[in-house]
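**Student:** sequence and predicted structure below; questions after.
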Amino acid sequence: MDRSLPKVAAYSHPVSGDMIFVMVGRTGYWPKTTLGIVDDDLTAEAWNEAHDISKGEAEAMFAGSMWGWDVPAAKASNYTRDGAPLFNKVLDD
């Protein structure tokens, strides 16, 4: 598991667009009410920015929560800070 990842990151649910949270080392996701957030105008991007979490870290967190924490997609070093995957390099193991 990538030890550089934050403990929690926000993400926009891929189907509903609702803000959800993923937790490092854990499978699945949690609704924003899990952290006591009730502000309907708050976006995942705004929450992550306020907590100094890059889009690349959020992408890695989401991948880890869905496909396991040992896959290359769960490593922040395999994304740009803006969240784009780094296809043109050998992925970090």
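**Tutor:** Structure received.

**Student:** helices or strands next to the helix or strand bottoming out on mean pLDDT in the chain in the packing?
**Tutor:** Taking mean pLDDT, DSSP states H and E as the measure, strand 30-31 is the helix or strand of the chain with the lowest mean score, a mean of 92. Strand 30-31 is packed against strand 19-23, with contacts defined by 3 or more CB pairs under 8 Å, 6 or more residues apart in numbering; DSSP states H and E. For glycine as for every other residue, the C-beta is placed from the backbone atoms N, C-alpha and C.

**Student:** pLDDT on the strand it packs on, on average?
**Tutor:** Strand 19-23 carries an average pLDDT of 94.

**Student:** pairing partners for that strand, with directions?
**Tutor:** Note on strand 19-23: by DSSP bridges, its sheet partners are strand 8-12 (antiparallel), strand 30-31 (antiparallel).

**Student:** turn those into JSON lines, including distance to Asp40 and mean neighbour count.
**Tutor:** Converted to JSON lines, the strands paired with strand 19-23 look like this (distance: least, CB to CB, whole Å; neighbours: other CB atoms under 10 Å):
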{"stretch": "strand 8-12", "distance to Asp40": "14", "mean neighbour count": "21"}
{"stretch": "strand 30-31", "distance to Asp40": "12", "mean neighbour count": "13"}
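
**Student:** can I get the ones you listed in JSON lines including distance to Thr43?
**Tutor:** Formatted as JSON lines, the strands paired with strand 19-23 follow (distance: least, CB to CB, whole Å):
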{"stretch": "strand 8-12", "distance to Thr43": "7"}
{"stretch": "strand 30-31", "distance to Thr43": "14"}
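
**Student:** hmm, who's touching stretch 42-53?
**Tutor:** Stretch 42-53 is contacted from outside by 6, 9-12, 19-20, 32, 37, 54-55, 57-58, using CB atoms under 8 Å, 6 or more residues apart in numbering.

**Student:** quick check: end-to-end length of it?
**Tutor:** One end of stretch 42-53 to the other measures 15 Å (CA to CA, to the nearest Å).
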